[in-house]
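Enquirer: just the structure for this:
(one chain, ligands or ions: 2)
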Amino acid sequence: MTQITACIFDLDGVIVDTAKYHYQAWHQLALKLDLPFNEQENEKMKGISRMDSLEMMLKLGDREYSDIDKQKYCAAKNTWYLDLVSDMDKSEILPGIVEFIDHLKKENIKIALGSASKNARRILALVGLTDSFDEIVDGNDVIKSKPDPEVFVKGAGLLGTKPQHTIVFEDSAKGIDAAIAGSFKTVGIGSPDHLGHADIVVENLVNTSIFDLSKRLESKS
Ligand code: B16
Ligand code: MG
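Expert: Ligands and ions are numbered 1, 2, ... in the order given. Next comes the predicted model:
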């Protein structure tokens, strides 16, 4: 059986459903800029940094924007996003997460967060999960955005674990790309439609055991 020594979790869309708040905030900006933004476009932006997301969104129109304007739009989107998340509490932790983390701790599996978000620490504090992670790597700690594997490679380095023995849990196609590029084991959370390149895809982590996942990963290798 594949020996798993650590798990690295994405934040938005895996630990908490902040993906919907990112979408709402981007949508507000799209309305202001009169851009044809919808859920399909949003799906492609999941997992990538704020500025990379904006660049992708601006391509939906035909105007050029200055760097100063781009900074201003990112700041506006973040202000709306922070307003949307300000009342979050532990009721917004996604199903099965708390139980799965407890299970991993009992089995002495190390745990890290690997998020593109610069707001990750704030969100973890709001939902009371900061102390659940042995290490946290977020958008403030990396130079390259997913699909570059930097965020996960850094997390594994801090945990002292090898990618071949580490599972990355991701809800975005770009995040799975990043984990594959770093030679990690991958579990996609959500629909196989856009996560089909992950080793395993599950709907959520309800009633999940690390032993079952290891067995399923073994049959893939
Ligand atoms: P922020 P994750 C990502 O977080 C989100 O999926 C993505 O939609 C967002 O643009 C990115 O963080 C940057 O977030 O604006 O808060 O710095 O999925 O990698 O946890
Ligand atoms: Mg995500």
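Enquirer: got the buried residues for the stretch of helix or strand residue 54 belongs to?
Expert: Following DSSP states H and E, one finds residue 54 within helix 50-58. Residues 50, 52-54, 57-58 are the ones in helix 50-58 that count as buried (16 or more other Cβ atoms under 10 Å). For glycine as for every other residue, the C-beta is placed from the backbone atoms N, C-alpha and C.
Enquirer: in TSV, list these along with pLDDT and distance to ligand 1.
Expert: Output for the buried residues of helix 50-58, formatted as TSV (pLDDT from 0 to 100; distance: Cβ to the nearest ligand atom, whole Å):
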residue	pLDDT	distance to ligand 1
50	96	4
52	94	8
53	95	4
54	97	9
57	96	10
58	96	14
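Enquirer: possible to save these as a markdown table with distance to ligand 2?
Expert: Formatted as a markdown table, the buried residues of helix 50-58 follow (distance: Cβ to the ion, whole Å):
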| residue | distance to ligand 2 |
| --- | --- |
| 50 | 13 |
| 52 | 14 |
| 53 | 12 |
| 54 | 17 |
| 57 | 17 |
| 58 | 21 |
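Enquirer: any idea which of these is the one closest to residue 193?
Expert: Residue 193 lies nearest to residue 53 out of these, by Cβ to Cβ, at 20.5 Å.
Enquirer: you'd agree that closest one is up against residue 29?
Expert: No: between residue 53 and residue 29 there is no contact under Cβ atoms under 8 Å: 10.0 Å.
Enquirer: returning to what we had before: who touches the helix holding residue 54?
Expert: The contact list for helix 50-58, computed with Cβ atoms under 8 Å, 6 or more residues apart in numbering, reads 26, 29-30, 33, 35, 37, 41, 44-45, 48, 65, 70, 73-74, 77-78, 118, 139, 145.
Enquirer: contacts only, for the nearest residue to residue 85 once chain neighbours are set aside.
Expert: Here the nearest residue to residue 85 in space, its sequence neighbours aside, is residue 21; by Cβ to Cβ, 6 or more residues apart in numbering that works out to 5.4 Å. By Cβ under 8 Å, 6+ apart, the contact set of residue 21 is 81, 84-85.
Enquirer: name the member of these with the most neighbours.
Expert: Counting neighbours by other Cβ atoms under 10 Å, the top entry in those is residue 81, with 22 neighbours.
Enquirer: what sits against that residue?
Expert: Counted by Cβ under 8 Å, 6+ apart, residue 81 has contacts 21-22, 25, 119.
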